[in-house]
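Trainee: what follows is a predicted protein model with its sequence.
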Amino acid sequence: MGVLDIWNRSNIGSGEILRSQIGPLLLWFRKIEDELHVAFERLPDPDTIVDATGPVAVNVVESEGLDWGRWIVGAETNVVQVLPIMPDRPVVVHPELPVKIPTGHKALFFVSIPIWLRVLAGEKKPIELCEVPVLILSNTWFGDTMSGELCYSLRSRARRQITDSEPNPSRTICPVKIRNTSPKQLNVERLCVHVEHLKTYSGGKNLWTNGITITFRGEEQVSKIEYSSNPPAFEPVGEILSEARTPVKETILKRSIGSFKLFSGI
Amino acid sequence: MFLLGEIDFSKLVTVEGIGSVIRVIVLVGLGFPLLLFICTVVGKAVQKRFTPQVSMLIRKGIFYFGSIVLIISVLYQMGFKLTALLGAAGIAGIAIGFASQTSVSNIISGLFLISEKPFEVGDLIKVDDTKGTILSIDLLSVKLRTLDNQLVRIPNESLIKNQVTNITRFPIRRFDINIGVAYKEDVSKVRNVLLDIAKNNPYCLDEPEPLVLFLNFGDSALEFLFAVWFVKTDFFKLRNSIMQEIKERFDAEGIEIPFPHQTLYTGSVTEPFPVHIVPDKTRKPKPRG
C-alpha cells in the first residue's frame, strides 16, 4: 500500500471489521446492518511510531475495552474513508533552540504539525462521523491572561531543510517564512500558527500545508500574515486532501510571534 | 382617591362609554400579547448579534416602554386626563419616594450595575458565601442560579455595597493547591514531580507556566504552593484529575504527605518518654508445642 493509498476509500460490508493505523493511532471499523461502529486506540510511545496502513479487513477486533461510537449510516452505506485535517485550534510552536533573526533578514522553517483525522462514511455525499487527533497536544495560552486565545502547544525542531528521513504520515509539514522588518533583532521563542486556515495536500512522501509568510514589524505592531493560496513547491504535491477549517483571505494582520515572557505572578 | 375622582362613571353606561370599554378590552387583550410577541421576535433577532446581557436589556427596554404606552392609552380611553395624571404623579411621587426608598435605591443601584458592567448574564460570581451563574439583571435585583441549582435573588443595593467576585470574567484562571510534604523529602524531587504532573495533565496550560513555590517550614510539613493555569470551563475536570494525580504520583514516588505530628517530652528534650509495659496477668499463657 502506497503512502497516498491510506487516504483512499475502503469498502466495508455488513459483519466486516476494518483496521487502520496512522502513526500511533489505531482505528477500528465495524459494520452491523445499518450501523457503523468506530473505535480508536492509542499505542504507547507515540513519538516513535511512524507506521501507516489504510483500512484493511481483519477477522476479529484484537483489542479489548475499546470505546465504540455508533452511527446509523444506512445499510447501503458501505464505504469508509479517513482524511487528514489540521487541528481545530491554533498551534503555538516552541523551537527547541530559540531562533534569532537579525533586522532585515528572513528565514524559512519547516514546522511538523500532528494532524487530526476526519472519518467519513459513504461515497457520493459522505457523512462526517467524527474527528480525532492523532497525537493529543497539551493546551497553552497565547497572549496575556485577560485576552488571548487557547492554543495547542508543540515543541518543534523548526527545521530549515527537508531531510530524507522517513516520512511521518501522522504529521504535516507547514512551511513558515519569517521576515524581520523591525528595527530590532527578532527573538523567536514561540510562534502561533493558525492552522485552522491551512489546507492539507498530499505529497510524494509527506503531507503538506500551504505556506505562511509572517512579516514582523516590531513588538508594538501587529504582524502581517500571508497565507499562500498555492500548494507548496518543496515536493511534487497532488490533490488537496482537506480544505481549511476556516478559509481566510490571503493576508491578515495579527500578533503571531511571542518573544516576550509571560509570568505566573502571585 | 384623587385619580378615581377624575373618572366620570356616568359615561360608562352610555354608548360612548361602552365603546371606550371595548377599546380598553381590545387594547389590553391585543396590546400585551402583541408586545410580548414583539419582545420575543426582537429578542431572538438580537440574541445572535449581541451578548446575553445586551439582548436582555433591549428586550426589557422594549417591554417597559411598550407597557407604559399601553397603560397611558388605556387610562386615556377610561377618561383620565393625562395632565391631571402627571400633576398627580408629581405629588404621588414624593409620597411614593418616601415609602419606597429601598426600591428606588435598588433601581438606582441597578442602573449603576448596568453601566459599570462588573458582570454580565452568564458570568459565575461570588457574593459573600453565595456562588452562582447570573440568570438576569433586573431593575430591583440580580438573580443567580447556584451550582446546586437553587435560585438566589440578591438586591442590587447589596451588590453595590458588598464585594463581588466575578470568577469567569477572564478566559483563563489559576488553580492554587497548598501541599505539605514530610521534612525528610527532597525539595527538588518534589518540585520536579509536581511540574511533571502539570506537564502531563491535559487540562493544565503550558503557558502561563505552572508554578511551584516553597512557602514555609510548617509545623508538621514543608509547605508548597502548586499553581496551575487552566481554561475557565475546565475547572472541575482539572480539579478532580490533578488532585488524584498528585496523590497517586506521591504514593508512587514515596513522597509522604504528613498529617500533624506532636512529640511529647518528659522534662528533657533528648530523652524519650518512658514507656513501661505491664503484662496482663488475667490472660492465661498459651500452651507451647
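Mentor: Sure thing, it's come through.
Trainee: low-confidence ranges, chain B, go.
Mentor: Scanning chain B for pLDDT under 70 picks out B:1-13, B:85, B:261-274, B:283-289.
Trainee: in the helix ranked longest in it, what counts as buried?
Mentor: Secondary structure of chain B per DSSP state H: the longest helix is helix B:15-47. By neighbour count on 16 or more other CB atoms under 10 Å in any protein chain shown, the buried set for helix B:15-47 is B:17, B:20, B:24, B:27, B:31, B:35, B:39, B:42, B:43, B:46. In short, each C-beta sits where N, CA and C put it, glycine included.
Trainee: is it possible to export the residues you listed to JSON lines including distance to chain A?
Mentor: Shown next, in JSON lines, are those (distance: CB to the nearest CB, whole Å):
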{"residue": "B:17", "distance to chain A": "64"}
{"residue": "B:20", "distance to chain A": "59"}
{"residue": "B:24", "distance to chain A": "54"}
{"residue": "B:27", "distance to chain A": "50"}
{"residue": "B:31", "distance to chain A": "45"}
{"residue": "B:35", "distance to chain A": "39"}
{"residue": "B:39", "distance to chain A": "33"}
{"residue": "B:42", "distance to chain A": "30"}
{"residue": "B:43", "distance to chain A": "29"}
{"residue": "B:46", "distance to chain A": "24"}
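Trainee: okay, helices next: where are they in the stretch 1-150 of chain B?
Mentor: Ranges of helices in the stretch 1-150 of chain B, per DSSP state H, counting those that start in this stretch, are B:9-12, B:15-47, B:52-77, B:82-99, B:101-116.
Trainee: repeat for the stretch 151-289 of chain B
Mentor: Taking DSSP H, counting those that start in this stretch, the helices of the stretch 151-289 of chain B run over residues B:156-161, B:187-200, B:235-253.
Trainee: now the angle from the longest one to helix B:187-200?
Mentor: The one in question is helix B:235-253. Counting by axes from the mean of the first three to the mean of the last three CA atoms, to 10 degrees, helix B:235-253 lies at 140 degrees to helix B:187-200.
Trainee: report all helices and strands that helix B:235-253 contacts.
Mentor: The contact analysis (3 or more CB pairs under 8 Å, 6 or more residues apart in numbering or on different chains; DSSP states H and E) places helix B:235-253 against strand B:172-181, helix B:187-200, strand B:222-231.
Trainee: now swap in the shortest one and tell me
Mentor: Packing partners of helix B:156-161 (3+ CB pairs under 8 Å, 6+ apart): helix B:101-116, strand B:141-146.
Trainee: mind listing what's buried in that helix?
Mentor: Of the residues in helix B:156-161, those buried (16+ other CB under 10 Å) are B:156, B:157, B:159, B:160.
Trainee: contacts for that helix?
Mentor: Helix B:156-161 is contacted from outside by B:102, B:105-107, B:109-110, B:112-113, B:127, B:139-142, using CB atoms under 8 Å, 6 or more residues apart in numbering or on different chains.
Trainee: re the thing from before, which of the helices of the stretch 151-289 of chain B sits most buried?
Mentor: Ranked by mean neighbour count, those are led by helix B:156-161 with a mean of 18 (mean count of other CB atoms under 10 Å in any protein chain shown).
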